[in-house]
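K.L.:
Sequence and predicted structure below; questions after.
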Amino acid sequence: MKQYKVEALVYFSELSMNAKRNAENLASRSKDEIQTKLEHYAAQGYRLASTTSTMSDSALYVHLFFEKDQ
């Protein structure tokens, strides 16, 4: 039997006229937090099973799906 966890992360974009810079800022800010979540769940025996992400005008939504054997 498997045990599952879902982690939902939201990153809001800054108001900017430069779309490329805004996307780079979102990627940079999210990268460190996502890596921290991966390490946290790996230490508990979980593995990353799947991910989804959605971008709206003002935010990036990331879902991390973890699983481990019981």
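P.N.:
Now that the structure is in, tell me what you want to look at.
K.L.:
from here on, contacts and neighbour counts on C-alpha atoms
P.N.:
OK.
K.L.:
Would you mark the buried spots in stretch 63-70?
P.N.:
Using 16 or more other C-alpha atoms under 10 Å as the burial criterion, the residues of stretch 63-70 that qualify are 63-68.
K.L.:
For those residues, give me CSV that also has secondary structure.
P.N.:
Converted to CSV, the buried residues of stretch 63-70 look like this (DSSP: H, G, I helix; E, B strand; the rest coil):
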residue, secondary structure
H63, strand
L64, strand
F65, strand
F66, strand
E67, strand
K68, strand
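K.L.:
closest to K2 among those residues?
P.N.:
When the buried residues of stretch 63-70 are compared for distance to K2 (C-alpha to C-alpha), K68 wins out at 5.5 Å.
K.L.:
so what's the nearest residue to the closest one once chain neighbours are set aside up against?
P.N.:
Beyond its immediate neighbours in the sequence, the residue positioned closest to K68 (C-alpha to C-alpha, 6 or more residues apart in numbering) is Y46, lying 4.7 Å away. With contact taken as C-alpha atoms under 8 Å, 6 or more residues apart in numbering, Y46 is in contact with 66-68.
K.L.:
mind running it again at 10 Å?
P.N.:
The neighbourhood of Y46, defined by C-alpha atoms under 10 Å, 6 or more residues apart in numbering, consists of 2-5, 38-40, 65-69.
K.L.:
Going by distance to A59, which of these wins?
P.N.:
When these are ranked by distance to A59 (C-alpha to C-alpha), F65 comes first, at 19.6 Å.
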